[in-house]
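> One predicted model, sequence on top.
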Amino acid sequence: MKRSLLMWDETLFRDPEVFEIDYVPEQFNHRDTQIRELAFQVRPGLRGGRPLNTICRGLPGTGKTTSVRKVFAEIEEVTQKLVPIYINCQIDNTKFAVFSQIYRRIFGHLPPASGVSFKQLLDAIARALQREEQVLLVGLDDANYLLYENEINHVLYSLLRSHEAYPGVRIGVVAIGDLQGGLDRVADGLGALDVAGGPVADADHVLPHRLVAELGVERRDARHGGRRDVADLAQAAQRGLGQVAVVLLDRLEQRNHVLAALADATHRFVHECQVQLRHGQCSSTTEDTENTERKKKFQQ
């Protein structure tokens with residue numbers, strides 16, 4: 001009989017890494033146009049110039065962050081003169097926090113937590129860029145989180161006007177998010193890159209590749225069209241997830257047995273302690289009575 005259940009040390013998934021939130025797929029389809037446009041925007045930085053500043057706009061889940069990170073990864077592979085840095089503004093949502101991440105990217109460690117002013121931080125970053133003749137490209141993901149307290153304009157002003165205080169410093173910005181209505185005149189030079197579409201529009205093409213990569217199922221009848229392929233893969237995925245459910249229920253039942261045995265052992269241990277405690281009290285009372293009688297006889 002063919003075994004249909006997974007063992008405890010087996011897994012249904014070929015590569016569990018693809019389920020991590022920071023996973024960037026090697027095959028990134030249907031965003032070639034946006035990636036080419038973004039590459040065109042940052043191309044001057046490869047030749048020592050200032051990259052064109054860009055805002056990536058689009059609905060959630062349409063590939064804005066992945067597009068930027070793919071371009072940044074390719075830049076790191078081909079040159080050291082253009083330094084890309086990705087910053088998550090949900091976490092680093094103040095001007096000092098943003099520039100602290102830039103400092104860490106350049107120097108390899110964070111600045112001191114106290115005793116350092118923003119002016120000193122910016123001066124150290126700018127001097128390093130001048131010394132190494134490097135161009136900085138800052139990616140601000142979820143930049144709309146900087147709209148509170150007008151932080152976005154403070155950050156952009158410090159980045160885009162840094163060349164006025166530090167000649168030769170070249171910094172470009174790629175902001176990801178909807179910043180409409182939150183920018184002042186300092187952001188007039190920011191071009192817009194629309195990442196349109198979405199997972200529903202491209203489901204017939206994206207789903208088969210995702211299922212093959214994430215579940216490890218094989219494609220069948222590919223020459224007969226995408227929709228039949230998607231149906232076959234969906235059925236395979238459903239069977240696989242059914243196996244996962246069976247394994248999880250089995251693990252849950254095993255855990256319940258362990259908990260029941262542990263509760264029973266705990267009950268027996270408590271009962272034994274109570275018995276020993278009562279026995280100790282009785283023995284102590286008997287010894288006290290005998291000692292009292294001996295004292296009375298001695299006094300007589």
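Thanks, I have it.
> Quick check: what element follows the helix or strand harbouring residue 121 along the chain?
Here residue 121 sits within helix 118-132, counting by DSSP states H and E. Downstream of helix 118-132, the first helix or strand assigned by DSSP H and E is strand 135-141.
> quick revisit: could you say what helices and strands the helix holding residue 121 packs with?
The helices and strands touching helix 118-132, judged by 3 or more Cβ pairs under 8 Å, 6 or more residues apart in numbering; DSSP states H and E, are helix 95-107, strand 135-141, helix 162-165. No exception for glycine: its C-beta is placed from N, CA and C like everyone else's.
> Return the most buried member of the ones you listed.
strand 135-141 (a mean of 25; mean count of other Cβ atoms under 10 Å).
> Can you give the contact residues for the next helix or strand after that strand?
As assigned by DSSP H and E, the chain's next helix or strand after strand 135-141 is helix 151-160. Helix 151-160 is contacted by residues 53, 93-95, 98-99, 122, 138, 140, 143-144, 146, 171, 173, 175, 179, 182-184, 186-187, 189-190 when judged by Cβ atoms under 8 Å, 6 or more residues apart in numbering.
> quick one: pLDDT of residue 38?
For residue 38, the pLDDT comes out at 87.
> Leaving aside the residues adjacent along the chain, what's closest to it?
Nearest non-adjacent residue to residue 38, counting by Cβ to Cβ, 6 or more residues apart in numbering: residue 71, 5.2 Å away.
> Packing partners of the helix or strand where that neighbour lies?
Assigned by DSSP H and E, residue 71 falls within helix 64-78. The contact analysis (3+ Cβ pairs under 8 Å, 6+ apart) places helix 64-78 against helix 32-46, strand 54-57, strand 82-88, strand 135-141, strand 170-176.
> closest to residue 255 out of the ones you listed?
Residue 255 sits nearest to strand 82-88 of all those, at 36.2 Å, using Cβ to Cβ.
> between the closest one and helix 64-78, how big is the angle?
Between strand 82-88 and helix 64-78, the angle comes out at 150 degrees (axes from the mean of the first three to the mean of the last three Cα atoms, to 10 degrees).
> Which strands or helices does strand 82-88 pack on?
Looks like strand 82-88 contacts helix 32-46, helix 64-78, helix 95-107, strand 135-141 (3+ Cβ pairs under 8 Å, 6+ apart).
> Could you check how many residues crowd around residue 48?
13 (other Cβ atoms under 10 Å).
> same thing with the one 10 residues further on?
Neighbouring residues of residue 58 were enumerated by other Cβ under 10 Å; the total is 19.
> Please apply the same query to the one 4 residues further on.
The local packing count at residue 62 equals 22, with neighbours defined by other Cβ under 10 Å.
> How about the contacts made by the closest residue to residue 99 other than its chain neighbours?
Excluding its sequence neighbours, the residue lying closest to residue 99 (Cβ to Cβ, 6+ apart) is residue 121, at 5.2 Å. Contacts for residue 121 (Cβ under 8 Å, 6+ apart) come out as 96, 99, 100, 103, 111.
> Next, format those as TSV and append pLDDT and distance to residue 80.
Formatted as TSV, those follow (pLDDT from 0 to 100; distance: Cβ to Cβ, whole Å):
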residue	pLDDT	distance to residue 80
96	94	27
99	96	21
100	95	22
103	96	18
111	93	22
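> The residue nearest to residue 38: neighbour count?
20.
> Was I right to think it contacts residue 35?
Yes. Contact criterion Cβ atoms under 8 Å: residue 71 and residue 35 qualify, at 6.2 Å.
> Near the residue lying closest to residue 166 once chain neighbours are set aside, how many residues? Count them for me, please.
Distances taken as Cβ to Cβ, 6+ apart put residue 126 closest to residue 166, at 3.9 Å, once the chain neighbours are dropped. Counted with other Cβ under 10 Å, the neighbours of residue 126 add up to 19.
> Look up how far residue 36 lies from residue 126.
Separation of residue 126 from residue 36 (Cβ to Cβ, to the nearest Å): 31 Å.
> where in the stretch 151-300 of the chain is pLDDT low?
185-252, 280-300 (pLDDT under 70).
> still on that earlier bit, the helix holding residue 71 - what's its average pLDDT?
90.
> ok so, going back, tell me the one among the contacts of residue 121 nearest to residue 258.
The closest of these, once distances to residue 258 are taken by Cβ to Cβ, is residue 100, at 46.9 Å.
> In this structure that closest one contacts residue 109, no?
No. Counting by Cβ under 8 Å, residue 100 does not reach residue 109; the two are 10.3 Å apart.
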